[in-house]
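1. Let me see the structure of the following:
(4 chains)
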Number of protein chains: 2
Amino acid sequence: MSGPANAGGKEDLDPRIVRSRQVILEATIDELAEVGYGAMTIESVAKRAGVGKATIYRQWRGKADLVESVLVMIKQDIVVRVDGTVRERVTSLLQGLATYLSDSRASLCMPAMVSAAHHDDTVGVFQFRFANERRQVLVDLLTDGVSSGELDSDLDAELTAEILAGPLFYRRLMTDRPFPVDDVDQLVRAVLGPAT
Amino acid sequence: MSGPANAGGKEDLDPRIVRSRQVILEATIDELAEVGYGAMTIESVAKRAGVGKATIYRQWRGKADLVESVLVMIKQDIVVRVDGTVRERVTSLLQGLATYLSDSRASLCMPAMVSAAHHDDTVGVFQFRFANERRQVLVDLLTDGVSSGELDSDLDAELTAEILAGPLFYRRLMTDRPFPVDDVDQLVRAVLGPAT
DNA sequence: TTGCTACGATACGGTGTCGTTTCGAATCCG
DNA sequence: CGGATTCGAAACGACACCGTATCGTAGCAA
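-> This next block holds a predicted model:
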């Protein structure tokens, strides 16, 4: 640990690289949200970001590579409460998801990502893996609830996770009105039964 | 009713138009499924269909117009059983949807449609309207069940419809494994409670 | 200050798509 | 059969995007 530099990962890069990387990734998000994956071009991203095309090709190999970086960036870490009942923790988790799907600029490009995942292997592998990781958190939570006896012993954690998360994604992808955060309580009540 | 012609809608057109229209629409579906909306081009559709570009422009104004026709074509009519309990009819409806989302070639282009709906107004209006119509059928069915007393009186038909349909779409769009038709029974049981 | 490096801008040749037009061949209909 | 219509194919000029290369400039590090 001698000297100030070379401690972390990217912190000691030329600040110009850090800045351009940031504006390019944000421009990519907006471009994905507006025109989708297929219609997005490197040139349109460069123009929106106010950078030269070469600056993009200096850091990424192409479109799929760039979008992959976006996926990593917007993959918000899931916050799981460790206190409270399983029911409270599930509600909290879903509220976080609902908020994310309603508010975040990142979630505006989700329809584009869904489509891209089915058409482009590189993007698909990432998208499906991330979706699975997030889903697994909920499944584990429900499994704990069953083990501890808080939830019915015949509850299928995998299916229930999809029943809980499905409506949120359904509303986001198949309609133009995201699932309201305030309705999450009612959703949990309908699926897990009235609070004890 | 004099004479054989001019009775229906399109039946008395030149058969060459009917045929080319058919092969073009099917090629469009496959193209949407493979590359998505944004990356789909009129030329690629023409090539796949074995048709001249001009033949496409003769019948449609452009890409959005063509995809709109596809949406109308693949909008399968929803078959609702009129016999049996509400629970049986709901199950049957969802099984039909699950089958459609698993098997049909048309459903392969759903990710593309979802993305297109959010980026293109013309497509969006159609897609969202169709989704709403289908959803309403399920809502009405559940409302009937509440009225007749077969379902709990405090059941929210709108929310429950999304809880039932959500997982099917979630699996289709966010994963690469569609919801198994055989699991629909279990889904209905988990949401509406054990069969009486 | 002095190198060095990443920058934005611009231009390159090559390719693909646009929407239109023009063919002669094939098909339909009366 | 014969006139009308649609067809597939090909070519058009215009434009957009590809990925690369080359500028002079500006910010960085020492």
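2. Let me see the domain layout of chain A.
-> For chain A, the domain assignment from automatic domain parsing gives the residue ranges A:15-73, A:76-192.
3. ok, residue A:66 - how many residues close by?
-> Neighbour count of residue A:66, defined by other CB atoms under 10 Å in any protein chain shown: 21. The way it works is simple: take the backbone N, C-alpha and C, and place the C-beta from them, glycine included.
4. got TSV for the domains of chain A, with mean pLDDT and distance to DNA strand D too?
-> Below are the domains of chain A laid out as TSV (pLDDT from 0 to 100; distance: least, CB to the nearest atom of the strand, whole Å):
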stretch	mean pLDDT	distance to DNA strand D
domain A:15-73	97	3
domain A:76-192	95	13
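5. got these as TSV, with distance to residue B:196 columns?
-> Output for the domains of chain A, formatted as TSV (distance: least, CB to CB, whole Å):
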stretch	distance to residue B:196
domain A:15-73	46
domain A:76-192	17
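6. Quick check: which of those domains is nearest to residue B:192?
-> domain A:76-192 (10.3 Å; CB to CB).
7. show me the contacts for residue A:138.
-> When contacts are counted by CB atoms under 8 Å, 6 or more residues apart in numbering or on different chains, residue A:138 touches A:90, A:93, A:161, A:164, A:165.
8. immediately after the helix or strand harbouring it, which helix or strand?
-> Secondary-structure element containing residue A:138, defined by DSSP states H and E: helix A:121-148. As assigned by DSSP H and E, the chain's next helix or strand after helix A:121-148 is helix A:157-174.
9. Now tabulate the contacts of residue A:138 in JSON lines and tack on neighbour count and distance to chain B.
-> Formatted as JSON lines, the contacts of residue A:138 follow (neighbours: other CB atoms under 10 Å in any protein chain shown; distance: CB to the nearest CB, whole Å):
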{"residue": "A:90", "neighbour count": "26", "distance to chain B": "14"}
{"residue": "A:93", "neighbour count": "22", "distance to chain B": "16"}
{"residue": "A:161", "neighbour count": "23", "distance to chain B": "9"}
{"residue": "A:164", "neighbour count": "26", "distance to chain B": "8"}
{"residue": "A:165", "neighbour count": "24", "distance to chain B": "6"}
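10. List the contacts of the residue nearest to residue A:148 when sequence neighbours are not counted.
-> Setting aside the residues directly before and after it, residue A:148 is nearest to residue A:86 in space (CB to CB, 6 or more residues apart in numbering or on different chains), at 7.0 Å. Counting by CB under 8 Å, 6+ apart, residue A:86 touches A:141, A:142, A:144, A:145, A:148, A:150, A:151.
11. Surely residue A:57 and residue A:46 touch.
-> No - between residue A:57 and residue A:46 there is no contact under CB atoms under 8 Å: 9.4 Å.
12. Distance to residue A:112 added to the contacts of residue A:138, as TSV?
-> Shown next, in TSV, are those (distance: CB to CB, whole Å):
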residue	distance to residue A:112
A:90	29
A:93	25
A:161	25
A:164	25
A:165	20
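13. Could you check how far the residue nearest the centre of chain A is from DNA strand D?
-> Nearest to the mean C-alpha position of chain A, by CA atoms, centre = their mean, lies residue A:75 at 4.2 Å. Per CB to the nearest atom of the strand, to the nearest Å, residue A:75 is found 24 Å from DNA strand D.
14. Can you verify my assumption that that residue contacts residue A:127?
-> No - counting by CB under 8 Å, residue A:75 stays clear of residue A:127, with 9.9 Å between them.
15. Specify which residue of residue A:57 and residue A:46 has the higher count of neighbours.
-> residue A:46 (18 against 14).
16. residues touching the more buried one, list them.
-> Counting by CB under 8 Å, 6+ apart, residue A:46 touches A:24, A:27, A:52, A:53, A:55, A:56.
17. Pull the distance from the helix or strand hosting it to the chain's centre.
-> Per DSSP H and E, residue A:46 falls inside helix A:42-49. Offset of helix A:42-49 from its chain centre (CA atoms, centre = their mean, to the nearest Å): 23 Å.
18. I'd like to know which of the domains of chain A is closest to DNA strand C.
-> In terms of CB to the nearest atom of the strand, the element of the domains of chain A nearest to DNA strand C is domain A:15-73, at 3.0 Å.
19. The closest one near DNA strand C anywhere?
-> Yes - for a cut-off given as CB under 7 Å from any atom of the strand, domain A:15-73 has contacts with DNA strand C, namely A:16, A:17, A:20, A:21, A:50, A:51, A:52, A:53, A:54, A:55, A:58, A:59.
20. Narrow those residues to those in helices?
-> Applying DSSP state H to the residues of domain A:15-73 next to DNA strand C, the entries found in helices are A:16, A:17, A:20, A:21, A:53, A:54, A:55, A:58, A:59.
21. Out of those, which end up buried?
-> Taking 16 or more other CB atoms under 10 Å in any protein chain shown as the criterion, what is buried in these is A:20, A:21, A:55.
22. Now do the same contact list for the second one.
-> For residue A:21, the contacting residues are residue A:59, taking CB under 8 Å, 6+ apart as the criterion.
23. quick one: it and residue A:55, what's the gap?
-> Distance of residue A:21 to residue A:55, given as CB to CB, to the nearest Å: 9 Å.
24. what's the neighbour count on the residue nearest to residue A:127 when sequence neighbours are not counted?
-> Among residues not flanking residue A:127 along the chain, residue A:117 sits closest, at 3.7 Å (CB to CB, 6+ apart). Residue A:117 has 25 neighbours, counted by other CB under 10 Å.
25. which residues are in contact with the one helix or strand residue A:117 maps to?
-> Using DSSP H and E, residue A:117 sits in helix A:110-119. With CB under 8 Å, 6+ apart as the test, helix A:110-119 has contacts from A:32-33, A:36-38, A:40, A:67, A:71, A:101, A:123-124, A:126-128, A:172-173, B:34-39, B:111-112, B:114-119, B:173-174, B:176.
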